[in-house]
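[1] give me a 3D structure for the following:
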Amino acid sequence: MRNWQVKRGARGDVRFVSKMDPEEVGLVRSLVGSLVELFDEREDSAPHDDLAELTGLRTGHAEPPQESVLQRLLPDFYRPDANGPAATEAPSGELARDLNGALRSLNEPEVIDAKREAAQTVLATLPERAGAVALTEAEAQDWLTCINDLRLALGTLLGITADLPDGPSSDDPARAGHVDVYHWLSAMLDVLVSVMLDREPE
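    From the prediction side, this is the model:
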């Protein structure tokens, strides 16, 4: 993938432009498709709520996901700072779990919607096989959201942490390829963020 660049049209409209090879397009499309399936499965498995149906208020799971990838992508909504000044007054134990359950039930459907919408934007703006990618600022923001989700998902599966930037040691060549994909996604994200931040203001 070529580095992202800023292109300004005759009317002053901004596009963030790059080029992708066929292998890159296929890889991103496959990864994003898997991500959308993961969110769909999570949404579809939410328990039925008669009160929500009666009031028209959408609700989702009250319990956190069991899968490690979804735990990373859909973390608890209430996460007090254990070292913060109000740490001793913050809810904990069962009260904290109940609070998280209520917040998750109310907010998770919207979070999934936003992440899935970003993923659909990536799919819609990918070239059919190879070639140019030209994004509006809103589309570029969706790319940032989706590519970051892909990084988090893949990094979780590979056991990548700040202390283990390549994950645990392994002689598996397939795993090494996945680590390369993780770093490629990271580079794509970093460059796009930099280009968006550094462009001249309107």
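
[2] can you list contacts of stretch 54-67?
    The set of residues external to stretch 54-67 that reach it, using CB atoms under 8 Å, 6 or more residues apart in numbering, is 38, 42-43, 45-47, 49, 51-52, 71, 74-76, 100-102, 104-106, 108-110, 112. For the C-beta atoms, the positions are set from N, CA and C on the backbone; glycine is no exception.

[3] now with 7 Å, please.
    42-43, 46, 49, 52, 71, 74, 76, 101, 104-106, 108-109 (CB atoms under 7 Å, 6 or more residues apart in numbering).

[4] drop anything exposed from the residues you listed.
    Buried by 16 or more other CB atoms under 10 Å: 42-43, 46, 52, 74, 101, 104-106, 108-109, out of these.

[5] and of the residues you listed, the nearest to residue 154?
    Comparing the buried ones among the contacts of stretch 54-67 against residue 154 with CB to CB places residue 74 closest, at 16.1 Å.

[6] do I have it right that the closest one meets residue 111?
    Yes - in terms of CB atoms under 7 Å, residue 74 counts as a neighbour of residue 111; the distance is 6.5 Å.

[7] farthest pair in the contacts of stretch 54-67?
    Spanning the widest gap among the contacts of stretch 54-67 are 52 and 71, at 23.7 Å by CB to CB.

[8] give the contact list for residue 122.
    Each residue near residue 122 by CB under 7 Å, 6+ apart is listed here: 28, 32, 142-143, 146.

[9] next SSE after the strand or helix carrying it?
    Secondary structure assignment for residue 122, by DSSP states H and E: helix 93-125. The helix or strand immediately downstream of helix 93-125 is strand 131-135, counting by DSSP H and E.

[10] re earlier: in helices only, show me the contacts of residue 122.
    By the criterion of DSSP state H, membership of those in helices covers 28, 32, 142-143, 146.

[11] just the closest of those residues to residue 4, please.
    Closest approach between the ones in helices among the contacts of residue 122 and residue 4, by CB to CB: residue 143, at 9.5 Å.

[12] ok, the closest one - how many residues close by?
    Here the count is done by other CB atoms under 10 Å, and residue 143 has 26 residues near it.

[13] please name the residues that touch it.
    Neighbouring residues of residue 143 by CB under 7 Å, 6+ apart: 122, 135, 192.

[14] which parts of the chain are helices?
    If DSSP H is used as the criterion, the helices of the chain fall at 22-44, 50-55, 68-73, 93-125, 137-158, 173-198.

[15] of the ones you listed, which is nearest residue 166?
    Of all those, helix 173-198 comes closest under CB to CB, at 5.3 Å.

[16] buried residues in that closest one, which are they?
    Those would be 175, 179, 181-182, 185-186, 188-189, 191-192, 195-196, for helix 173-198 by 16+ other CB under 10 Å.

[17] lowest-pLDDT helix or strand in this structure?
    Ranked by mean pLDDT, DSSP states H and E, the weakest helix or strand in the chain is helix 50-55, scoring a mean of 73.

[18] pull out the buried residues from it.
    Neighbour counts over helix 50-55 (16+ other CB under 10 Å) mark residue 52 as buried.
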